[in-house]
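Asks: Take a look and give me a structure for this.
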Amino acid sequence: MQTRRTVPSRREVLTSIAAVSAMAVTGARGEDTRWPDHPVRIIVPYPAGGSTDVLTRILAERLKDIFGQPFVIENRAGAGGNIGIAAVTGSAPDGYTIGAATIGHFAINQYLYNKMPYDPERDMVPASLTWELPNVFVVPTDHVPAKTLAEFLTWAKQKGRVSYGSPGVGTSPHLSGVMFAKQTGIDGIHVPFRGAAQTIPAMLAGDVNFAIDNLASYVPVIQSGKMRALAVTSAQRWPTLPDVPTMNEAGIKDFVVTSWAAFVFPAATPRPIVDRFSAAQRQIAGEQAIQERFLVAGARVLSSTPEGAVAFAAKERTMWKDVVAASGAKVD
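Replies: Alright, predicted model coming up:
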């Protein structure tokens, strides 16, 4: 099954979003013009150390510089990120609580969970897309001898049963593992964790055999040599891992998956605040130093208008609904 659209169509979507990003944000009046006049809370709905946490902290540093107020990170993990985003949507719509929402909150969880604590289309207002990153197929160097994906498949089938970790049921790493197992015929057992900060030690201890997880979380451990990257799920090779093949090059056809994220406010947050924040993200995304930091961390920094983020989420929602259905995953 193809897990992602072809690259040209994706680039066209992102290009069109960038094109409409040139909008005026100078019409704010009254109290909104003074926002923010005290620290702003950014809720990261995953544990510290994971890709969402790492990348959000990079952006928070620059937001502090731009607005002159601290943007304080608060990690609230659990339920596939639903706990953290529910805290955002349940907060006062005054601009002082922001969520680092991901692909799961916009396009996966509503098809995975029988009950949702928020409505992604009604209860949260996206200000801007923030980043995009591929997943990477990794194995622990000391416990899995494979140096290529073909060697891994041979080893896995000889072993009989292998396990793969993810940051939770229904996340793109989990769904990637499900689809990889189905497509290759291996007997793969899913082991859910709260985030990469828990998955990585389990893999290094030999308790989990592989992961197809967000690249940003695994860059340091790959660079250390403790894990071996066998493939990336982007359509082309990743700039900072030029020697690592794509899944297609490694022999797994039509397997292109990327994760993405956006900053969101609670519904009813004044539009001038949302616009000012969106303009700041646009400024940050245009800075070469930030672009380079994101690439080194394993991601591409993005920006968009609020409308652009809504349109992008709508397109993704259609595809991931089918992927979740095909995986058979469901959470009560």
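Asks: For the residue nearest to Arg300 when sequence neighbours are not counted, what is the enclosing helix or strand?
Replies: Among residues not flanking Arg300 along the chain, Glu132 sits closest, at 5.0 Å (Cβ to Cβ, 6 or more residues apart in numbering). For every residue, glycine as well, the C-beta is placed using N, CA and C. In this structure, Glu132 sits in strand 124-140 according to DSSP states H and E.
Asks: Give me the average confidence score over that strand.
Replies: For strand 124-140, mean pLDDT is 96.
Asks: Tell me the helix or strand right after that strand.
Replies: helix 149-159.
Asks: Just the buried positions in that next one, please.
Replies: By neighbour count with 16 or more other Cβ atoms under 10 Å, helix 149-159 contains the buried residues 149, 152-153, 155-156.
Asks: Just put these in a markdown table and tack on pLDDT and distance to Phe312.
Replies: Converted to a markdown table, the buried residues of helix 149-159 look like this (pLDDT from 0 to 100; distance: Cβ to Cβ, whole Å):
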| residue | pLDDT | distance to Phe312 |
| --- | --- | --- |
| Leu149 | 98 | 30 |
| Phe152 | 98 | 33 |
| Leu153 | 98 | 34 |
| Trp155 | 98 | 39 |
| Ala156 | 97 | 35 |
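Asks: I'd like those written out as a markdown table, with distance to Ser278 added.
Replies: Below are the buried residues of helix 149-159 laid out as a markdown table (distance: Cβ to Cβ, whole Å):
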| residue | distance to Ser278 |
| --- | --- |
| Leu149 | 40 |
| Phe152 | 42 |
| Leu153 | 44 |
| Trp155 | 48 |
| Ala156 | 45 |
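Asks: Gly225: which of those residues is nearest?
Replies: Closest approach to Gly225 among the buried residues of helix 149-159 (Cβ to Cβ): Phe152, at 17.4 Å.
Asks: dump the residue contacts of the nearest residue to that closest one once chain neighbours are set aside.
Replies: If the residues on either side of it in the chain are set aside, Phe152 comes closest to Ala146, at 3.7 Å by Cβ to Cβ, 6+ apart. If you count contacts by Cβ atoms under 8 Å, 6 or more residues apart in numbering, Ala146 has them with 139, 152, 154-155, 228, 230.
Asks: Run the angle between the strand holding Glu132 and helix 149-159 for me.
Replies: 70 degrees (axes from the mean of the first three to the mean of the last three Cα atoms, to 10 degrees).
Asks: Strand 124-140 pairs with which strands?
Replies: Strands that pair with strand 124-140, judged by DSSP bridges, come out as strand 210-214 (antiparallel), strand 227-232 (antiparallel), strand 258-266 (antiparallel), strand 300-301 (antiparallel).
Asks: No further questions, thank you.
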